[in-house]
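Asker: 3D model of this:
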Amino acid sequence: MIDLHCHVLAGIDDGPETIAGSLALARASVAAGTSTLVATPHVSWRYPNDADTILAHVQELRARLAAEGVALEVRSGAEVAMTQLEEIEPSQLARLRLGGGEWLLVEPPFTPVLVALEPILLDLQRRGHRILLAHPERCPAFHRDPRMLESLVREGILTSITAGSLVGRFGGTARRFALKLVDEGMAHNVASDAHDVAGRAPGCSSELEQAGLAPLAEWLTEAVPAAILNGGEIPARPQTGHQRVRTIRRWPLRR
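Answerer: Presented below is the predicted three-dimensional model:
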């Protein structure tokens with residue numbers, strides 16, 4: 001399994017406070033079936049991380065994992081807050097992409113209204129970035145206007161669902177919206193968004209199985225993330241018994 005979204009680095013955001021915590025999270029990821037993990041610390045007003053800081057922490061963690069015999073590939077990335085996108089110098093932003101590839105993990109605000117999200121993201125695409133949206137199922141603005149998210153997906157933007165959302169760890173609304181995104185063909189990846197080994201532990205397989213999505217697990221956690229990291233074409237979603245719709249349906253108008 002490839003985990004594209006994990007807060008494994010120590011002391012630079014709301015993930016582990018110490019390298020010991022990072023190692024524990026890495027071991028738990030391996031136990032959950034992860035072979036490759038992308039370290040995605042927040043880049044936001046609260047956590048003003050930059051590419052050099054992130055890479056230095058990734059290199060430290062790689063060295064510790066090798067020394068302790070933990071078989072986990074850790075790659076560099078970031079979870080960039082939408083509110084920071086226009087503040088980051090272009091060459092710096094490119095260095096925050098997932099695994100050094102073309103894809104940027106963008107976090108939408110947890111607000112009921114999103115101002116200028118679509119033009120900002122489409123401008124990023126025109127500038128050569130490809131966009132993966134982090135946990136859209138937890139964004140109130142998308143709950144309020146799901147057609148906005150549909151429009152973004154039609155423009156080539158992909159979505160990454162947090163595994164815990166599929167089983168209700170972020171509430172019933174997020175769970176229902178996440179499952180609807182899967183049913184509508186608007187979910188392209190499932191990641192752990194892990195922060196620790198207790199409250200926000202790593203893993204995706206058990207959550208996918210509990211949600212009845214095991215037939216899509218390989219596509220969501222291996223095939224799509226591999227293409228994102230390696231610069232390949234995003235593979236078509238497999239035809240499975242679960243897949244009730246083959247194309248995106250129109251969401252009803254909000255009254």
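
Asker: tally of neighbours for V106?
Answerer: The criterion is other CB atoms under 10 Å. On that basis, V106 has 23 neighbouring residues. Where you see a C-beta, it was placed from the backbone N, CA and C, and this is true even at glycine.

Asker: Just list whatever residues bridge to it.
Answerer: Each beta-bridge partner of V106 is listed here: V80, L133, as defined by DSSP bridges.

Asker: How about the contacts made by it?
Answerer: Counting by CB atoms under 8 Å, 6 or more residues apart in numbering, V106 touches E79, V80, A81, M82, L85, L121, L124, I131, L132, L133, A134.

Asker: hang on, isn't the third one packed against N49?
Answerer: Spelled out, that is A81. No: in this structure, A81 sits apart from N49 without contact. The criterion is CB atoms under 8 Å, and the distance is 10.7 Å.

Asker: any residues in contact with both of those two?
Answerer: A shared contact of A81 and N49, defined by CB under 8 Å, 6+ apart, is any residue touching both; here these are H42, V43.

Asker: Which stretches in the stretch 1-150 of the chain count as strands?
Answerer: Listed from the start of the chain, the stretch 1-150 of the chain has strands (DSSP state E, counting those that start in this stretch) covering 2-6, 36-39, 42-43, 73-76, 79-81, 103-107, 130-134.

Asker: Go through those strands and name the closest to C204.
Answerer: Of all the strands of the stretch 1-150 of the chain, it is strand 2-6 that lies closest to C204, at 7.1 Å by CB to CB.

Asker: The closest one to strand 103-107, inter-axis angle?
Answerer: 40 degrees (axes from the mean of the first three to the mean of the last three CA atoms, to 10 degrees).

Asker: helices or strands next to the longest helix anywhere in the chain in the packing?
Answerer: In the chain, assigned by DSSP state H, the helix with the most residues is helix 51-67. Helix 51-67 makes packing contacts with helix 19-31, strand 36-39, strand 73-76 when contacts are defined by 3 or more CB pairs under 8 Å, 6 or more residues apart in numbering; DSSP states H and E.

Asker: Flag every buried residue along the first one.
Answerer: Read it as helix 19-31. Buried residues in helix 19-31, counted by 16 or more other CB atoms under 10 Å: G21, S22, L23, A24, L25, A26, R27, A28, S29, V30.

Asker: quick one: average pLDDT of the longest helix of the chain?
Answerer: Helix 51-67 shows a mean pLDDT of 98.
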